[in-house]
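**Q** here is the input, now give the coordinates:
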Amino acid sequence: MQSLAIDTEVSPPSRVPALPRVDLYGGVHRGLRLGHTKLLTRLGTTSYNDRASVERALDELEAFLDLASLHLAIEERHYHPALEARSPHGSELLHNQHREHERSFAELRRLAAKLSAATAETAPVIGRALYLRYASFVADDLAHMAEEELVILPLFHALYSDEELAAIQGKLVSEIPPREKLEFFRLMLPASNHEQRVVQLSGLKRSLPEPAFQAMVRALHEVMPENDVRALLAAI
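**A** Predicted coordinates for the structure are as follows:
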């Protein structure tokens with residue numbers, strides 16, 4: 001995968017940079033990293049001689065690839081044009097990396113289809129190939145997301161005001177369909193710390209109709225420890 005330069009040197013305490021003013025990427029990326037971890041574990045622990053286990057793993061793979069594809073598409077509709085508007089060709093490498101991701105999605109779906117149709121003799125071989133191909137994609141995507149947060153996000157901060165960035169992010173979030181928004185939420189909240197959860201859930205409480213917000217709260221009980229949910233609800 002083509003790579004942007006990332007400065008990983010740790011700054012001395014007197015020069016530690018501040019947290020992002022408006023974090024365009026952090027919340028959803030934490031969720032996607034959690035999703036990668038869960039799915040990679042699922043593919044690694046699946047018994048490929050057990051048809052029911054295989055189908056559960058393939059269902060999880062399909063759902064996550066759909067979510068990841070949506071993530072790429074909405075970034076390209078909102079973040080990339082904003083970057084290009086004030087930094088010509090500024091999103092070119094990101095665009096190329098996204099195309100590589102799409103090729104990975106297609107390969108993973110082809111392997112999944114082969115596994116779904118496999119015999120008892122061939123399923124373990126195809127399952128191993130799927131697991132290793134997904135592990136390779138995870139490595140690429142983790143590097144890509146780090147580049148977006150460490151290189152692209154500071155560029156956005158240099159080009160746009162906080163109010164402009166919040167508006168761009170708001171338009172992106174508003175485009176996500178309700179079902180997919182809930183699925184992102186089910187990954188993002190467990191992957192975040194308490195302070196980040198308070199910010200995210202408070203924003204949803206302000207922006208969503210009450211029935212939709214309560215659906216989000218019910219989902220919390222399915223994906224987070226009860227003590228964490230109680231602390232979060234008390235904080236908002």
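
**Q** where are the low-confidence patches of this protein?
**A** Applying pLDDT under 70 to the chain picks out residues 1-17.

**Q** SS state for the residue of it positioned farthest from its centre?
**A** Distance from the centre of the chain peaks at E121, with 34.7 Å (CA atoms, centre = their mean). At E121 the chain is in coil, as set by DSSP: H, G, I helix; E, B strand; the rest coil.

**Q** same deal with the one 10 residues further on?
**A** Using three-state DSSP, the three-state assignment for Y131 comes out as helix.

**Q** tell me the buried residues in stretch 74-82?
**A** The neighbour-count check on stretch 74-82 (16 or more other CB atoms under 10 Å) flags I74, E75, H78, Y79, H80, A82 as buried. No exception for glycine: its C-beta is placed from N, CA and C like everyone else's.

**Q** of all these, which comes closest to Y131?
**A** E75 (26.9 Å; CB to CB).

**Q** might you report the residue contacts of the closest one?
**A** Residues in contact with E75 (CB atoms under 8 Å, 6 or more residues apart in numbering) are L94, H98, L172.

**Q** centre of the chain to the host helix or strand of it, how far?
**A** Counting by DSSP states H and E, the element that carries E75 is helix 51-86. Mean-position distance between helix 51-86 and its chain equals 8 Å (CA atoms, centre = their mean, to the nearest Å).

**Q** how much space separates the residue positioned nearest the centre of the chain from V138?
**A** Residue closest to the average C-alpha location in the chain (CA atoms, centre = their mean): L32, at 2.7 Å. Counting by CB to CB, to the nearest Å, the gap from L32 to V138 is 10 Å.

**Q** cool, and A113?
**A** 20 Å.

**Q** okay, these two: which has more neighbours?
**A** V138 (18 against 12; other CB atoms under 10 Å).

**Q** that one touches G35, doesn't it?
**A** No - V138 lies out of contact with G35 (CB atoms under 8 Å); the separation is 9.9 Å.

**Q** and the closest residue to H144 other than its chain neighbours, what element?
**A** Once flanking residues are discounted, H144 sits nearest to Q97: 5.2 Å by CB to CB, 6 or more residues apart in numbering. Element membership for Q97 (DSSP H and E) is helix 92-116.

**Q** quick one, that helix and helix 51-86 angle?
**A** Calculated by axes from the mean of the first three to the mean of the last three CA atoms, to 10 degrees, helix 92-116 forms an angle of 170 degrees with helix 51-86.

**Q** buried ones in helix 92-116?
**A** In helix 92-116, counting by 16+ other CB under 10 Å, buried: 93-94, 97-98, 101, 104-105, 107-108, 111-112, 114-115.

**Q** same question, stretch 63-71
**A** For stretch 63-71, the neighbour count (16+ other CB under 10 Å) marks F64, L65, L67, A68, L70, H71 as buried.

**Q** show me the contact partners of it.
**A** By CB under 8 Å, 6+ apart, the list of residues contacting stretch 63-71 reads 28, 32, 35, 39, 101-102, 105, 108-109, 141, 176, 180, 183-184.

**Q** got it, and stretch 128-138?
**A** Here stretch 128-138 has contacts from 36, 39-40, 43-44, 48, 61, 101, 104, 107-108, 111-112, 115, using CB under 8 Å, 6+ apart.

**Q** let's see that with 6 Å instead.
**A** H36, L40, L43, G44, S104, L111, L115 (CB atoms under 6 Å, 6 or more residues apart in numbering).

**Q** in TSV: the residues you listed, plus distance to H194.
**A** Converted to TSV, the contacts of stretch 128-138 look like this (distance: CB to CB, whole Å):
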residue	distance to H194
H36	23
L40	26
L43	30
G44	30
S104	34
L111	39
L115	39
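
**Q** what's the closest of these to Q196?
**A** So of these, ranked by how close each gets to Q196 (CB to CB), first place is H36, at 18.5 Å.
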